[in-house]
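Participant: Below is the structure, and that's it, no one-letter string:
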């Protein structure tokens, strides 16, 4: 199987929580995807320089809209990469669990204290290394 399998959970949710309307929504999605494909093919024949949404936006709407769409694409790729990373991490976690590596509170045999998982730098003793007083009295 190629990919992270990120749609398996949505498939399970769809099979257990939906009714016959699911088929209708798939048909509507297929029609929408077909129309989007036709739009992109028309863009490709009118603007044969490159095939990206940025190029099409630049040629049709101008530089400002192309800039906005370019940053939107970066956001889209970032969210997509994060989603795939979550899928791969679940796959890796399942693989390691099947090999008997990494029980619930440990990662590769090393227990990570809960306070080191927090976002503030003082949680793992950075204030001690810098010679500063700990701002949180619970750490002393």
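Facilitator: Nice, I can see it. These figures come from a predicted structure and were not determined experimentally. Residues are numbered from 1 along each chain as shown.
Participant: Domains in the chain, by residue range?
Facilitator: The chain breaks down into these domains under automatic domain parsing: 8-46, 51-100.
Participant: Including mean neighbour count and mean pLDDT, could these go into TSV?
Facilitator: In this view, the C-beta of every residue, glycine as well, is placed from N, C-alpha and C. Output for the domains of the chain, formatted as TSV (neighbours: other C-beta atoms under 10 Å; pLDDT from 0 to 100):
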stretch	mean neighbour count	mean pLDDT
domain 8-46	10	84
domain 51-100	13	83
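Participant: which helices and strands sit right next to the top helix by length along the chain?
Facilitator: Looking across the chain with DSSP state H, the single longest helix is helix 63-98. Applying 3 or more C-beta pairs under 8 Å, 6 or more residues apart in numbering; DSSP states H and E, we find helix 63-98 packed against helix 53-60.
Participant: coming back round to it: now do the longest helix of the chain and helix 53-60, the angle between them.
Facilitator: If you take axes from the mean of the first three to the mean of the last three C-alpha atoms, to 10 degrees, helix 63-98 sits at 170 degrees to helix 53-60.
Participant: start at 23 instead
Facilitator: Renumbered: residue one is now 23, and that last one reads helix 85-120.
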